[in-house]
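Colleague: Sequence first, then the predicted structure, then my questions.
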Amino acid sequence: MAFTRTLALTASLAAAYGGFLLFLQFGAADGLDPMDILRSGLIFASTFWLAWGAAQAMAGLTTRPPVRPDKQGPLTARCVVLVPVYNEDPVGTFARIAAMDASLRATGQGDRFNFAILSDTRDDAIAQKERIWFLRLLADTGGEGRIFYRRRTSNRSRKAGNIEEFIKRSGAAYDYALILDADSLMEGGTIVEMVRRMEAAPDLGLLQTLPTIIHARSRFGRTMQFAATFYSPIFARGLAMMQGRTGPFWGHNAIVRMRAFAESCALPELTGSPPFGGHIMSHDYVEAALLARAGWVVRVDDDLTGSYEEAPENIIDHAKRDRRWCQGNLQHARLLFAPGLRGWSRFVFLQGILSYLAPVFWLGFLAASIAAPVFAPPIDYFPLEYWPFPVLPVSQASKALGLAIGVVGLLFLPKVLIVLDAALRGRTRGFGGTVRAATSTLVELVFSSITAPIFLMFQTRSVLQVIRGADGGWPAQSRGDGTLTLGDAWAASHWIVTSGAVVLGAAQWLSPVLVPWLIPVALPMVMSPAIIAWSSRPGSRWLFATPTELHPTAVMDQQALILRRWQGAAVSPIGGAETMVTDV
Amino acid sequence: MMDLSHPTQFDLDQLANVLGTPPDAPLAMPVQVLETRAVTLLSLLRLLPVRRIRVGH
């Protein structure tokens, strides 16, 4: 583990230094000025970030998960499945709970599990629906005494506070808590296996699974779904190799040892006001760090399948969620020097901060490059006092080209290698075959290149908002269809169009030679409303096929069945299409 | 036994509250210490000189 970390870090730093030197030579061709040093520094930071991602993929491609002993027999521990909800559609969420309950009972271990729906819903109409559908859930599953529902009167500390409140009230009744999101879905067999792994490792405080995105319908959603299913297991494997005992917590689809979590994870309010003070927004990273600080192992097991989540269907919803994550990650700057944390936990905080600063570095690099001619000293064609002939500066364009190829390589090479690895190991069969998976990868590469400048702008805006002190609040997640009209897209992205036009105009005015280099960045910005609207619509089902899409699993089928039945019921689930009778 | 087909017969909210109440088994969660008076990045930033606008004499 230490070797992998050191190797990855050294390789990333070497790549970043190489980029720095290449650009410095290119920039200094007409004389070194402060702008060249600034741009080279920005290249160093940006290249390091790209190389770090590539190194993670390499670590994932070159290792396999350890073989875990296959244990059977009845469970003795008790586990509660926590489902925090916040202004969600109760029909969809409760249908997932019903499906997971059925899946758990099918394992024969269902009696060891309870569910607790922890509502932080502020909308009274939705809360009313939650209560009605909770009764329907109980009636359909016979879940009385196994499935609980409570709504907090105050949603202090948001999701972390919601879970904390439950543990303070009922935590002693359980050995483990499986923490989910409202859109999480897990196979009963996976949940049972997670409890077994917790039982097998008494020092394990938290076990994280790698959730697979399911049920995506739009072009954007299905691209993300494919990327998360095809690439993420490799990146997660690399992460697992580097993390050692200090793994990640992504806030959901993870199981915690109740005692460990209770002892270590009650979060304080940070001094000062949001966005840097107050409630800790990205609580999951901090909870993982606190568990590790208390001596518990935190682990991601990338071999665990049957763990699912849903994701935004369009770029705007993705950007809204990302705004929250951006604030949460930047807030971790306050915790970099928190007492007693492990070095890797601090590095994870730094990594999260860098992931949001990297787009700002890229944008800063572009702006500095456009402005550079203004600051460049005039070319001296007669640098030698007694030499009567002009000395023409040697072009260093090949160095800039080399750097560009290197950057593109760091972006694309891991994905290309993942396709090759998947083809050789037969993993592409689950994605409809090698041709289909390779074509999907190619289209994903093109799509992600086109959308990258749009995300760059959204992320830069988020960072600037947070630094300015603007609190993003806690908007409810948008789930569902997600189709956007051109008007919706324009309303959300007209400022990106303007920025793109300004970038092109400024480049044409100050540094026309840069215009062809800037086209791949500026053109998607100018066309962002069309790209956002187009990508929010349903696309080809041939591209981006995933194993769960081609062959839905048992719990997915069960969920679809329950959802169809419930959505087919009258407006009120009680007294509508079906009559329910329950004992009280 | 209650017939849920006639929700007006009783208070559904109350019923959901009664059936939904989680077990009473408290577990302590001591609040963790994350901030100290030690130097942080932000406090370092605060050490930077700031131009203050002075009004009057």
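Modeller: Structure's in. What do you need?

Colleague: Can you spell out which helices and strands pack onto the helix or strand where A:Pro516 lies?
Modeller: Secondary structure from DSSP states H and E places A:Pro516 in helix A:515-526. Secondary-structure packing of helix A:515-526 (3 or more C-beta pairs under 8 Å, 6 or more residues apart in numbering or on different chains; DSSP states H and E): helix A:343-375, helix A:434-468, helix A:486-510. Using the backbone N, CA and C atoms, a C-beta is placed for each residue, glycine as well.

Colleague: got the residues of the stretch 1-150 of chain A near chain B?
Modeller: A:116-117, A:128, A:131-132, A:134-135, A:138-139, A:144, A:148-150 (C-beta under 8 Å from any C-beta of the partner chain).

Colleague: Including distance to A:Val192, could the helices and strands packed on helix A:515-526 go into TSV?
Modeller: Output for the helices and strands packed on helix A:515-526, formatted as TSV (distance: least, C-beta to C-beta, whole Å):
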stretch	distance to A:Val192
helix A:343-375	29
helix A:434-468	31
helix A:486-510	43
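
Colleague: In the lengthiest helix in chain B, which of the residues would be classed as buried?
Modeller: Criterion DSSP state H: the longest helix present in chain B is helix B:12-20. Buried residues in helix B:12-20, counted by 16 or more other C-beta atoms under 10 Å in any protein chain shown: B:12, B:15-16, B:19-20.

Colleague: Would you confirm that A:Arg222 contacts A:Gly539?
Modeller: Yes. The pair A:Arg222 / A:Gly539 is scored as a contact, 6.1 Å apart, by C-beta atoms under 8 Å.

Colleague: between those two, which one's more packed in?
Modeller: The neighbour comparison of A:Arg222 against A:Gly539 (other C-beta atoms under 10 Å in any protein chain shown) goes to A:Arg222, with 25 against 19.

Colleague: Summarise which helices and strands the helix or strand containing that one is packed against.
Modeller: Using DSSP H and E, A:Arg222 falls within helix A:219-230. Where contact means 3+ C-beta pairs under 8 Å, 6+ apart, helix A:219-230 is packed against strand A:212-213, helix A:315-331, helix A:434-468, helix A:528-535, helix A:547-550.

Colleague: which residues are contacting it?
Modeller: A:212-214, A:216, A:311-315, A:318, A:418, A:422, A:431, A:437, A:440-441, A:443-444, A:447-448, A:451, A:482, A:534-539, A:543-549 (C-beta atoms under 8 Å, 6 or more residues apart in numbering or on different chains).

Colleague: ok, of those, which come out buried?
Modeller: The neighbour count (16+ other C-beta under 10 Å) marks A:212-214, A:216, A:311-315, A:318, A:418, A:422, A:431, A:437, A:440-441, A:443-444, A:447-448, A:451, A:482, A:534-536, A:539, A:543-549 as buried among those.

Colleague: Which strands or helices does the longest helix of chain B pack on?
Modeller: With contacts defined as 3+ C-beta pairs under 8 Å, 6+ apart, the packing partners of helix B:12-20 are helix A:124-141, strand A:147-151.

Colleague: what are the pairing partners of the shortest one, and which direction each?
Modeller: Think strand A:147-151. Applying DSSP bridges to the sheet, strand A:147-151 is found paired with strand A:113-119 (parallel).

Colleague: got the buried residues for the helix holding A:Pro516?
Modeller: By neighbour count with 16+ other C-beta under 10 Å, helix A:515-526 contains the buried residues A:518, A:521-522, A:524-526.

Colleague: Just the closest of the residues you listed to chain B, please.
Modeller: Among the buried residues of helix A:515-526, A:Val521 lies closest to chain B (C-beta to the nearest C-beta), at 30.5 Å.

Colleague: quick one: contacts for the closest one?
Modeller: Taking C-beta under 8 Å, 6+ apart, we find A:Val521 in contact with A:366, A:453, A:456, A:503.

Colleague: 10 Å instead?
Modeller: Going by C-beta atoms under 10 Å, 6 or more residues apart in numbering or on different chains, A:Val521 touches A:362-363, A:366, A:449, A:452-453, A:456-457, A:500, A:503-504.

Colleague: got the residues of the stretch 251-400 of chain A near chain B?
Modeller: Taking C-beta under 10 Å from any C-beta of the partner chain as the contact definition, the stretch 251-400 of chain A meets chain B at A:258-259, A:261-272, A:276-277, A:280, A:286-287, A:289-290, A:293-294, A:333-341, A:353.

Colleague: Mind checking which of those land in strands?
Modeller: The strands, defined by DSSP state E, take in nothing from these.

Colleague: If we ignore the residues flanking it in sequence, what's nearest the residue in the stretch 301-450 of chain A that chain B sits nearest to?
Modeller: Residue nearest to chain B within the stretch 301-450 of chain A: A:Ala338 (4.5 Å; C-beta to the nearest C-beta). Closest residue to A:Ala338 apart from its sequence neighbours, by C-beta to C-beta, 6 or more residues apart in numbering or on different chains: B:Leu34 at 4.5 Å.

Colleague: May I have the phi/psi pair for the one you found?
Modeller: phi -120, psi -20 (degrees, to the nearest 10).

Colleague: Kindly report the same for A:Pro538.
Modeller: Backbone geometry at A:Pro538, expressed as degrees, to the nearest 10, gives phi -60, psi 140.

Colleague: Run through the bridge partners of it.
Modeller: Residues in beta-bridge contact with A:Pro538 (DSSP bridges): A:Ser218.

Colleague: Hmm, it is touching A:Asn314, no?
Modeller: No. Counting by C-beta atoms under 10 Å, A:Pro538 sits too far from A:Asn314 to count as a contact (11.6 Å).

Colleague: Could you pull out the residues contacting both of these two?
Modeller: A:218-219, A:221, A:481, A:483.

Colleague: who wins for proximity to A:Leu13 among the helices and strands packed on helix A:515-526?
Modeller: Closest to A:Leu13 of the helices and strands packed on helix A:515-526 is helix A:343-375 (C-beta to C-beta; 13.3 Å).

Colleague: can you list the weak-confidence ranges in the stretch 1-150 of chain A?
Modeller: A:30-31 (pLDDT under 70).

Colleague: Oh, that last question was meant for chain B, not what I typed.
Modeller: B:1-10, B:37-57.

Colleague: how about 50 then?
Modeller: Regions of chain B meeting the criterion pLDDT under 50 cover residues B:1, B:9, B:46-57.

Colleague: Chain A now?
Modeller: A:570-571, A:575-584.

Colleague: Check it for me, the residue farthest from its geometric middle.
Modeller: A:Tyr386 (62.7 Å; C-alpha atoms, centre = their mean).

Colleague: if I've got this straight, that one is in a strand?
Modeller: No. Read with DSSP: H, G, I helix; E, B strand; the rest coil, A:Tyr386 is coil and lies in no strand.

Colleague: Quick check: the closest residue in space to A:Arg105 that isn't next to it in sequence vs A:Ala139, distance?
Modeller: In this structure, A:Arg105 finds its nearest non-sequential neighbour in A:Gly188, 7.3 Å apart by C-beta to C-beta, 6+ apart. Shown here: A:Gly188 relative to A:Ala139, a distance of 21 Å by C-beta to C-beta, to the nearest Å.

Colleague: Which one of the two is surrounded by more residues?
Modeller: Ranked by neighbour count (other C-beta under 10 Å), A:Gly188 and A:Ala139 place A:Gly188 first, with 24 against 18.

Colleague: quick one, what contacts that one?
Modeller: A:99-110, A:113, A:306, A:554-555, A:558.

Colleague: try 6 Å
Modeller: Neighbouring residues of A:Gly188 by C-beta atoms under 6 Å, 6 or more residues apart in numbering or on different chains: A:103-104, A:106-107.
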